[in-house]
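**Student:** Using only what follows, build the 3D model:
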Amino acid sequence: MHDVTPTSPAEVSRGDGEFRPPALGLRLSSRLLHATRGACAWLADRESALLGSALAEVPLREPIFIAGVARSGSTLLLEALASLPSVASARYCDFPPVWFPYWWTRLREQLPLPTPAPRMRAHGDGIKVTPLSPEACDELLWMHFFPQRHDPTVDQRLAATDQQARFDSFYARHIRKLLLARGAQRYLCKGNYNLLRLPYLRRLFPDARFVVPIRSPASQVQSLVRQHERFSRLSARWPSVGRQLALSGHFEFGPQRRAECADVAEAVAIEAAFAVGDEVGGYGRQWASSYGVLASWLKADPELAHQVLLLPHERLCADPAATLRQLGEHCRIEQGRLQDWLVSWQHRIQARPEPALEALLLQTVEQHCGAVARQLGYASITGALA
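**Tutor:** So this is what the prediction gives:
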């Protein structure tokens with residue numbers, strides 16, 4: 001297992017020394033598969049057809065989707081759940097050939113690959129990864145089948161009534177291929193942008209379990225600002241960094257940053273704030289816009305609310321044992337494995353202090369996020385839970 005304990009901001013600031021820009025092979029293969037994504041989708045269909053009845057017999061039971069605004073603690077939850085032997089998730093090594101989960105897995109099994117030591121991921125936040133660490137890769141598929149994903153002038157919410165039959169069948173087969181290749185029983189997916197697609201995903205997978213991580217807006221906005229500054233700085237030195245983020249479907253921070261549109265007028269305001277350097281205001285509006293949609297859905301749809309676990313990062317750090325148990329029970333982890341899993345993970349989660357925001361910036365966060373934060377259980381924007 002890898003160290004997934006977040007570091008302090010002071011340690012984070014020293015992370016540039018360990019950063020490595022995207023390798024030439026990764027950059028070239030990413031561009032190639034992006035340019036030929038239509039052919040990749042066709043070839044992926046051939047992969048499915050060749051697997052035939054073996055694929056059809058793979059049950060698709062209770063997939064787990066982790067979806068929250070970036071910097072909410074989702075990676076820690078992904079690492080914890082992916083450590084279960086019955087669960088399969090995309091991995092760092094699956095990008096960019098994410099289109100072909102079965103063939104790619106079988107090919108890697110035949111290659112004499114070294115076992116690299118864990119190293120800090122690009123975010124410089126103390127989380128160490130290897131090529132086999134779980135990662136968010138599915139956004140490439142969404143971007144292909146829904147071409148206007150990440151257009152800040154287009155509402156990104158997907159309702160249960162929205163239809164994309166080609167994607168629906170493709171995605172179900174894609175998941176089955178990964179389960180078949182890994183010999184797993186359940187699929188695990190982390191995707192920040194899936195937060196605005198929960199009703200759509202529930203229609204595709206009626207028994208899905210959704211986990212929505214969240215942090216107090218003051219803390220989460222501050223983390224988003226730091227990451228934007230980091231990736232903008234890295235991209236200024238290595239322009240390939242920003243291009244690689246875009247090719248992998250990450251538009252949360254860095255030079256390719258875009259507002260995630262849950263309301264066109266609000267997305268315009270977010271983009272305007274970013275344009276004048278009001279990072280706290282822009283990210284505060286984004287936090288409230290995205291989590292505000294969630295709050296309205298949970299209030300209006302009790303069935304969806306039953307399938308969603310809203311998991312505050314502050315609660316996880318304050319009481320890891322109880323919160324992880326709640327997570328495991330919500331995700332319906334097998335009782336025979338639950339206790340061992342809790343013992344393995346509860347001592348690896350620690351709270352780390354955040355530097356306090358200036359009073360004026362706190363007022364900005366309160367102005368944009370206060371009402372939504374209280375709807376979702378926060379007594380204040382700085383982290384106290386009601």
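**Student:** need the contact list for residue 243.
**Tutor:** Residue 243 is in contact with 27, 256, counting by CB atoms under 8 Å, 6 or more residues apart in numbering. To be clear about C-beta, it is placed using only N, CA and C from the backbone, and glycine gets the same treatment.
**Student:** Name the helix or strand for it, please.
**Tutor:** Using DSSP states H and E, residue 243 falls within helix 240-247.
**Student:** now residue 198
**Tutor:** Assigning secondary structure by DSSP H and E places residue 198 in helix 198-204.
**Student:** next structured bit after the helix or strand of the chain with the lowest mean pLDDT?
**Tutor:** Every helix and strand of the chain was ranked by mean pLDDT, DSSP states H and E. The lowest is helix 9-13, at a mean of 35. Next helix or strand after helix 9-13 toward the C-terminus (DSSP H and E): helix 24-35.
**Student:** Which neighbouring elements make contact with the following helix or strand past that next one?
**Tutor:** Under the assignment DSSP H and E, the closest C-terminal helix or strand after helix 24-35 is helix 37-56. Contacts defined by 3 or more CB pairs under 8 Å, 6 or more residues apart in numbering; DSSP states H and E place helix 37-56 against helix 101-110, helix 139-145, helix 165-182.
**Student:** for the shortest one, what is the average pLDDT?
**Tutor:** Going back to what we said before, that points to helix 139-145. The pLDDT scores in helix 139-145 average 97.
**Student:** neighbouring contacts of that helix?
**Tutor:** 37-38, 41, 95-96, 98-99, 149-150, 164, 166-167, 170-171, 174, 191, 193, 248-250.
**Student:** Can you tell me which of those residues are buried?
**Tutor:** 37, 41, 95-96, 98-99, 149-150, 167, 170-171, 174, 191, 193, 248-250 (16 or more other CB atoms under 10 Å).
**Student:** give me every residue that touches the residue nearest in space to the middle of the chain.
**Tutor:** Nearest residue to the geometric centre of the chain (CA atoms, centre = their mean): residue 191, 3.3 Å. Contacts for residue 191 (CB under 8 Å, 6+ apart) come out as 65, 66, 67, 136, 138, 139, 142.
**Student:** what about this structure, any weak spots by pLDDT?
**Tutor:** 1-17 (pLDDT under 70).
**Student:** mind redoing it with 80?
**Tutor:** The chain contains residues with pLDDT under 80 at 1-18, 350-356, 384, 386.
**Student:** which non-adjacent residue is nearest residue 298?
**Tutor:** Excluding its sequence neighbours, the residue lying closest to residue 298 (CB to CB, 6 or more residues apart in numbering) is residue 305, at 4.4 Å.
**Student:** ok, now residue 230?
**Tutor:** Going by CB to CB, 6+ apart, residue 230 has residue 124 as its nearest residue, at 6.0 Å.
**Student:** Please report phi then psi for that neighbour.
**Tutor:** Reported as degrees, to the nearest 10, the phi and psi values for residue 124 are phi 70, psi 30.
**Student:** Compute the number of surrounding residues for it.
**Tutor:** 22 (other CB atoms under 10 Å).
**Student:** One more: residue 305?
**Tutor:** Using other CB under 10 Å, residue 305 is surrounded by 15 other residues.
**Student:** Alright, that wraps it up for me.
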